[in-house]
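Trainee: next one to model:
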Amino acid sequence: MPRSQQRLSELASFVHVPDGIVSTEWPLVAAQLQRINIGLDMWQRNAIQLALSKRADGSYAASIGGVCFSIPRQVGKTYTVGWLIFALCMAKPGMLVVWTAHHTRTSDETFDAMRTMATTGKAAAMVKTVRAANGQQTIIFHNGSRILFGAREQGFGRGFAEIDVLVFDEAQILTESALSDMVPATNAAPNGLVFLIGTPPRPKDPGEAFTIKRNSALSKDADTLWIEFSADADCNVADWDPGYVDWAQVEKANPSYPHRTSKNSILRMRKLIGSNENFKREALGIWDQAGVATRKISQELWDSTIGVPPSSGVKCYGVAFSFDGDRQSVVGVLKHEHGFHANLIGSYTGSTDDGVAGLADWLAERWRDAGLIVLSGAAGAGLLSQALLDRGVPKKIVKVLSTREYFTACQMLVEAVKDGSLTRPAGGANDALDASVAVSDEKKRGSDGAWGWQATSFDGDETPVEALSVAVWAAKMNKRVPGRKQKALV
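Mentor: The predicted structure is shown next:
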């Protein structure tokens, strides 16, 4: 399939979509672009569909968190966002767009590109005038819509009472204070929208705002749209010889290569950018490794599960072993009339043989008050199951999950968090379950959409959240009611 026909989901390295989408203004924009004979690649159309997606109340889905593009150079950023803005201005009389870059040079280049777009072909008939004086760079439409351009380093962007669309170009050079100075102007608009567009920031860049937005997307923020194009995160650019380019990595990072962006353009950039590290960020879109952990359950959702334990219920236990057997975690769940209350009982690092005996002893002392003891993880589940049977725990109490049941358990946990049926105590400063949820994301395990948990940081541990999933599965599937209801998990 030609690159121009591939979908955003096939080309982007990471896309996070805001919650609650029911419609999009893409048809409105598409109609305007058709009027002026502007064509877009499929990924560009998909990106605009998401950027202009709406919730049931008519607000933009990303109106709170923003529309964020982490995109390498030479991809077609100005073309994509520029025509999106141009079409909105055509469709909505009196619209005000403020487009800012950090550097004056970048702002001037963007204005020059947009001026060419606005004065060429059928688009020119929509434009009343273009002002090119420094400090007054503006495209004015016949219907009263305006696009204003300026550089943040010159103080441009402050003082506006009401802005419909605010574009932060060079978002890798954007502080939180600068963002907070300008964004309030969009709050006065009926349906304001903020764009942040940039490359991964260098260590010396004041890129805190862009980094925070990315971290929000990685944490599944409900109000943020994040679209990221990059080469493989482990692409070892540091070892490249001077002038060398791995074209397969360029193709992964740049959806416009090679049909719109030529090899010569990339080679020119390779020569001008200089260091391998800068090329990694600006041409390949690769973020520095610090803070790249991703999560399935957002911090906001996880915080919402903190609750008071019930006075009674039926206990179930979930035990998860890591793939190599060196890590294991135990979670207890109390099933009550309103849902499930969970508690991390323990998280252990060490050999399976050393950990299983003590855990088997502990569980064997408690099985009579439990509905089910459910185990997951081939490296230790079978061993622990046998150890429990050897200690007199009835076979009907012990269950080793199949792979398919494990996948179901993972999804059950997410659903319980979302629907509010799961509660748990607040974790302390070094709580292992909090830490596990913070770095555990889904990993697809089949073509049918099934997934399991995977830690996304070097030192992360997915077994606590796996044990929680297994324990929730146990509580939901359990039919056994011990002789008396319990008041505590341990």
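
Trainee: report the buried residues of the lengthiest helix in the chain.
Mentor: Longest helix in the chain by number of residues, with DSSP state H as the criterion: helix 403-419. For helix 403-419, the neighbour count (16 or more other C-beta atoms under 10 Å) marks 405-414, 416-417 as buried. Placement of C-beta: from N, CA and C, glycine included.

Trainee: packing partners of it?
Mentor: On a contact count with 3 or more C-beta pairs under 8 Å, 6 or more residues apart in numbering; DSSP states H and E, helix 403-419 meets helix 299-303, strand 451-455, helix 463-477.

Trainee: by how many degrees do the longest one and helix 403-419 diverge?
Mentor: Orientation of helix 463-477 against helix 403-419 (axes from the mean of the first three to the mean of the last three C-alpha atoms, to 10 degrees) gives an angle of 90 degrees.

Trainee: quick one: helix 463-477 to chain centroid distance?
Mentor: Relative to its chain's centre, helix 463-477 lies at 24 Å (C-alpha atoms, centre = their mean, to the nearest Å).

Trainee: helices or strands up against that helix?
Mentor: Here helix 463-477 touches strand 314-321, strand 327-336, strand 339-349, strand 370-376, helix 403-419, helix 432-439, strand 451-455, going by 3+ C-beta pairs under 8 Å, 6+ apart.

Trainee: turn those into JSON lines, columns for distance to Leu88 and mean pLDDT.
Mentor: Putting these into JSON lines (distance: least, C-beta to C-beta, whole Å; pLDDT from 0 to 100) gives the following:
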{"stretch": "strand 314-321", "distance to Leu88": "49", "mean pLDDT": "95"}
{"stretch": "strand 327-336", "distance to Leu88": "49", "mean pLDDT": "94"}
{"stretch": "strand 339-349", "distance to Leu88": "45", "mean pLDDT": "90"}
{"stretch": "strand 370-376", "distance to Leu88": "50", "mean pLDDT": "94"}
{"stretch": "helix 403-419", "distance to Leu88": "33", "mean pLDDT": "96"}
{"stretch": "helix 432-439", "distance to Leu88": "37", "mean pLDDT": "92"}
{"stretch": "strand 451-455", "distance to Leu88": "37", "mean pLDDT": "91"}
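
Trainee: low-confidence regions, this protein specifically.
Mentor: The model of the chain has pLDDT under 70 over residues 290-292, 350-355, 458, 484-490.

Trainee: what's the domain layout of it?
Mentor: Domain segmentation of the chain under automatic domain parsing yields 3-282, 299-477.

Trainee: SS state for the nearest residue to Thr175 once chain neighbours are set aside?
Mentor: Nearest residue to Thr175, sequence neighbours excluded (C-beta to C-beta, 6 or more residues apart in numbering): Pro206, at 4.8 Å. Following DSSP: H, G, I helix; E, B strand; the rest coil, Pro206 is assigned to coil.

Trainee: got a list of what Pro206 touches?
Mentor: Pro206 makes contact with 173-175 under the criterion C-beta atoms under 8 Å, 6 or more residues apart in numbering.

Trainee: picking up where we left off before, the inter-axis angle of the longest helix of the chain versus strand 314-321?
Mentor: 120 degrees.

Trainee: could you point out which element follows helix 403-419?
Mentor: strand 422-423 (DSSP states H and E).

Trainee: in its sheet, what does that following strand sit against?
Mentor: Paired strands of strand 422-423, with direction, are strand 339-349 (parallel) (DSSP bridges).

Trainee: hmm, who's touching the strand it pairs with?
Mentor: 307, 309-310, 313, 317, 326-334, 355, 359, 416, 420-425, 427, 431-433, 436, 461, 463-464, 467-468, 471-472, 475-476, 489-490.

Trainee: let's go with 6 Å and repeat that
Mentor: 309-310, 327-334, 355, 421-424, 432-433, 464, 468, 472, 475, 489 (C-beta atoms under 6 Å, 6 or more residues apart in numbering).

Trainee: so Phe156 makes contact with Gly150?
Mentor: Yes - judged on C-beta atoms under 6 Å, Phe156 makes contact with Gly150 at a distance of 2.8 Å.

Trainee: any common contacting residues for those two?
Mentor: In contact with both Phe156 and Gly150: Thr100, using C-beta under 6 Å, 6+ apart.

Trainee: give me the distance between the two termini of stretch 163-176.
Mentor: Between the start and the finish of stretch 163-176 there is a gap of 19 Å, counting by C-alpha to C-alpha, to the nearest Å.

Trainee: got a list of contacts for it?
Mentor: 95-102, 106, 185-186, 189, 193-199, 201, 205-210.

Trainee: of these, keep whichever come out buried.
Mentor: 95-102, 106, 185-186, 189, 193-199, 201, 205, 207, 209-210.

Trainee: keep only those of those that are in strands.
Mentor: Residues of these located in strands (DSSP state E): 96-101, 193-198.

Trainee: please enumerate the strands of the stretch 101-250 of the chain.
Mentor: According to DSSP state E, counting those that start in this stretch, the stretch 101-250 of the chain carries its strands in the segments 127-131, 138-141, 146-151, 165-168, 193-198, 224-228.

Trainee: redo the ones you listed as JSON lines? Include distance to Ala450.
Mentor: Converted to JSON lines, the strands of the stretch 101-250 of the chain look like this (distance: least, C-beta to C-beta, whole Å):
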{"stretch": "strand 127-131", "distance to Ala450": "52"}
{"stretch": "strand 138-141", "distance to Ala450": "50"}
{"stretch": "strand 146-151", "distance to Ala450": "46"}
{"stretch": "strand 165-168", "distance to Ala450": "39"}
{"stretch": "strand 193-198", "distance to Ala450": "34"}
{"stretch": "strand 224-228", "distance to Ala450": "25"}
